[in-house]
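[1] Fold the following, please.
(2 chains)
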2 protein chains.
Amino acid sequence: MSAINIQEKFKLFSEHWTPKKVGELNGQQVLLAKLKGEFIWHSHEHEDEFFLVIKGTLQIELREKTITLKEGEFYIVPKGVEHKPNAKEEVHVLLFEPLSIKHTGDIMADITVENYESI
Amino acid sequence: MSAINIQEKFKLFSEHWTPKKVGELNGQQVLLAKLKGEFIWHSHEHEDEFFLVIKGTLQIELREKTITLKEGEFYIVPKGVEHKPNAKEEVHVLLFEPLSIKHTGDIMADITVENYESI
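    Numbering: from 1, shown residues only, chains lettered A, B, ... in the order given. Model prediction:
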């Protein structure tokens, strides 16, 4: 493995809501994703999920409040907590989560990605 | 929990080689550290270690090569691999690693931090 440049990796794809795997460690994975528009409400029963905004402003709607994340800010959605990411303009995020996680939790939707491509 | 701003967290401490815990998820922790000068050679028998450079340029010396990480670049040091971080000028890094990890592996040195403070 050599150094991974996050900006270079973001140049390799353009799809929204399609996380790409850029690293793996200790049963966890490092993902990059481009987000735009509203995702669906979902939760991950067993996995906490880390969102770090690399570019743009992301809103993470929770049932009782909305978290706003600007560039250089992160939030950890605890396991079991329903959330809906919402990106008015395109947002680039780095995610850190277990290998076992499912994209949309126990919900299967058109937007669901079953396997994350490595880039 | 609310949004965590990485730059604001870095303003809260100035020590070098003293990781501060800013998040915990899935048995892993998110740490921020300021590095300057040469660390010691060490390895972590059971833990892979993720280094993301937020500011500056970090060299991670391995026995067979040196990895150079600039701002926005990361590297995962696999478990068992001896490494020595080296920062000619001050570097700010974000680390992901298991809660179980020991700062300098099985080596105890003056520089060793036994418990990471949460900020």
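[2] any idea how far B:Glu114 is from the residue nearest the centre of chain A?
    With distances taken as C-alpha atoms, centre = their mean, A:Leu95 lies nearest the centre of chain A, 4.8 Å away. To B:Glu114, A:Leu95 is 30 Å away according to C-beta to C-beta, to the nearest Å. Quick note: C-beta positions are derived from backbone N, CA and C, even for glycine.
[3] Also A:Asn86?
    The gap separating A:Asn86 from B:Glu114 is 42 Å, by C-beta to C-beta.
[4] So between those two, which is more surrounded?
    A:Asn86 (18 against 8; other C-beta atoms under 10 Å in any protein chain shown).
[5] Wait, the more buried one touches A:Lys36, no?
    No. Applying C-beta atoms under 8 Å, one finds A:Asn86 not in contact with A:Lys36, separated by 9.8 Å.
[6] which bits of chain A sit near chain B?
    Taking C-beta under 8 Å from any C-beta of the partner chain as the criterion, chain A approaches chain B at residues A:1-7, A:23-26, A:28, A:30, A:47-50, A:67-70, A:72-76, A:78, A:96-98.
[7] Now list the buried members of those residues.
    Buried members of the residues of chain A next to chain B, counted by 16 or more other C-beta atoms under 10 Å in any protein chain shown: A:3-6, A:23, A:25-26, A:28, A:30, A:47-50, A:67, A:69, A:72-76, A:96-98.
[8] Could you list which of the residues you listed belong to helices?
    Per DSSP state H, helices hold the following members of these: A:Ile6.
[9] Quick check: strands, which of the residues of chain A next to chain B are part of them?
    Those of the residues of chain A next to chain B mapping onto strands are A:4-5, A:23-25, A:28, A:30, A:49-50, A:67-69, A:73-76, A:96-98, per DSSP state E.
[10] distance between the helix or strand of chain A with the lowest mean pLDDT and the chain's centre?
    The least trusted helix or strand in chain A, going by mean pLDDT, DSSP states H and E, turns out to be strand A:117-118, with a mean of 92. Relative to its chain's centre, strand A:117-118 lies at 14 Å (C-alpha atoms, centre = their mean, to the nearest Å).
[11] which outside residues touch that strand?
    Residues from elsewhere that reach strand A:117-118 (C-beta atoms under 8 Å, 6 or more residues apart in numbering or on different chains): A:18, A:20-22.
[12] Quickly name whichever of these is closest to chain B.
    Of all the contacts of strand A:117-118, A:Val22 has the smallest distance to chain B: 8.2 Å, by C-beta to the nearest C-beta.
[13] Correct me if wrong: that closest one contacts A:Leu31.
    Yes. The criterion here is C-beta under 8 Å, and A:Val22 meets it with A:Leu31 at 6.9 Å.
[14] Alright, that wraps it up for me.
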